[in-house]
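**Q** Pasted the sequence and its predicted model underneath.
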Amino acid sequence: MMSNKRKIGLIILLGILLCACGFYVVTLGNFHIDFASILAFVGTDMSEENALSHFVIFEIRIPHVLAAIVVGGSLALSGGLYQGIVGNPLVSPTILGVLNGASFGAGLGILLGLNIFGIEALCFVFGIVAMLLALALSWVFDNGRSILMLILGGMIVSAFFGAGMYILKILADPYNTLPSIVFWLMGSLSNAKADFPLYIACAVFALSMAFSVILSRSIDILNLDEQSAQSLGVNVRFMRIICICIATLLASCSVALAGVIGWVGLVIPHIARFIMGANHRFMLPFCALFGALFLLICDTFARSALATEIPLGIITAMVGIPIFVITIYINKRALNE
């Protein structure tokens, strides 16, 4: 059993590694920029000589790296929260139909010919709408008391928005609009820019990290039965709603920035729980940092492996599925021993 000091040290080490990798990724690309150039541009005025390098660093590469870190961390943290409140390690951000709802919003925005900001706004709004519909159905079925009814409500909402997405594909222009919708559904960070949606996603991620650590003890108690949790002073229904709202905000922001990227919210919490244990005070921060590092590496590979950029969702699936199988196998062997 790893001590708490070692867990904190491991989290700090992972954070340092993430910063180092992010700094290194900024230097990669067809336009060569070394470490000294990056440091030289920080805090300096932009002149005609260094305008191009300054633009590449601060308007393209740093926002791209920051988006990869925020999206990866948000998806992993969202998955960790969902698994914590449901008590099922096979749960992911798709549980309440959030990803399908956000995808429908993005497809609708593309079909209507909106700009990237309008598409991201609709994506975020429909992700929240999907969560609210799932909560409403749970409340209608069982007055919001049963987690099973919440999952069933999420499945209904997910199927509804999935059907809506098929309708959008039928209505879309097969030569222009349909390829854009399909590419969005595959996931990509090619549209990441230093603009308002990225700032919002960063703020949501930072605040969610803080609230997750504050609520970690209550999340641990939620894994007990409802009567035991209430006897320990936890309002089970209220705590579930708060955690669901946080996880939904994280997932919606991620889809708004990068499209649908699967497996991060399912695989990374498994690895974090295997390394850090079930204590969410340590597991959730490690989960967020490891998810950010994982997606940063996958995105770097997606942009550099071939002449054209590979959709990020394909890379995360190809890497995530084997890791998921190996993690389950290791966990099963550990339980048997």
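**A** Sure, I can see it. Numbers count the residues shown, from 1 in each chain.
**Q** so how far is residue 81 from residue 211?
**A** 10 Å (CB to CB, to the nearest Å). C-beta coordinates here come from the backbone N, C-alpha and C atoms, glycine included.
**Q** So for those two, which residue has more residues nearby?
**A** residue 81 (31 against 15; other CB atoms under 10 Å).
**Q** which ones are touching that one?
**A** Listed by CB atoms under 8 Å, 6 or more residues apart in numbering, the contact partners of residue 81 are 212, 219, 243-244, 246-247, 250, 284.
**Q** In these, which residue is surrounded by the most others?
**A** That'd be residue 250 among these, by other CB under 10 Å, with 34 neighbours.
**Q** Helix or strand: which one has it?
**A** Following DSSP states H and E, one finds residue 250 within helix 236-258.
**Q** Please pull out the lowest mean pLDDT helix or strand from the chain.
**A** helix 35-41 (a mean of 63; mean pLDDT, DSSP states H and E).
**Q** Can you classify the nearest residue to residue 27 once chain neighbours are set aside by secondary structure?
**A** Distance criterion CB to CB, 6 or more residues apart in numbering; nearest residue to residue 27, sequence neighbours excluded, is residue 33 at 5.4 Å. Recorded secondary structure, residue 33: coil (DSSP: H, G, I helix; E, B strand; the rest coil).
**Q** Following element in sequence after the helix holding residue 250, please.
**A** Next along the chain after helix 236-258, taking DSSP H and E as the criterion, comes helix 264-276.
**Q** Name the residues of that following helix that are buried.
**A** Across helix 264-276, burial judged by 16 or more other CB atoms under 10 Å covers 264-273, 275-276.
**Q** Need those in a markdown table (columns: pLDDT and distance to residue 21).
**A** Compiled in a markdown table, the buried residues of helix 264-276 are given as follows (pLDDT from 0 to 100; distance: CB to CB, whole Å):
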| residue | pLDDT | distance to residue 21 |
| --- | --- | --- |
| 264 | 92 | 16 |
| 265 | 90 | 21 |
| 266 | 88 | 22 |
| 267 | 90 | 19 |
| 268 | 93 | 16 |
| 269 | 92 | 21 |
| 270 | 88 | 22 |
| 271 | 91 | 17 |
| 272 | 93 | 18 |
| 273 | 89 | 23 |
| 275 | 90 | 18 |
| 276 | 92 | 20 |
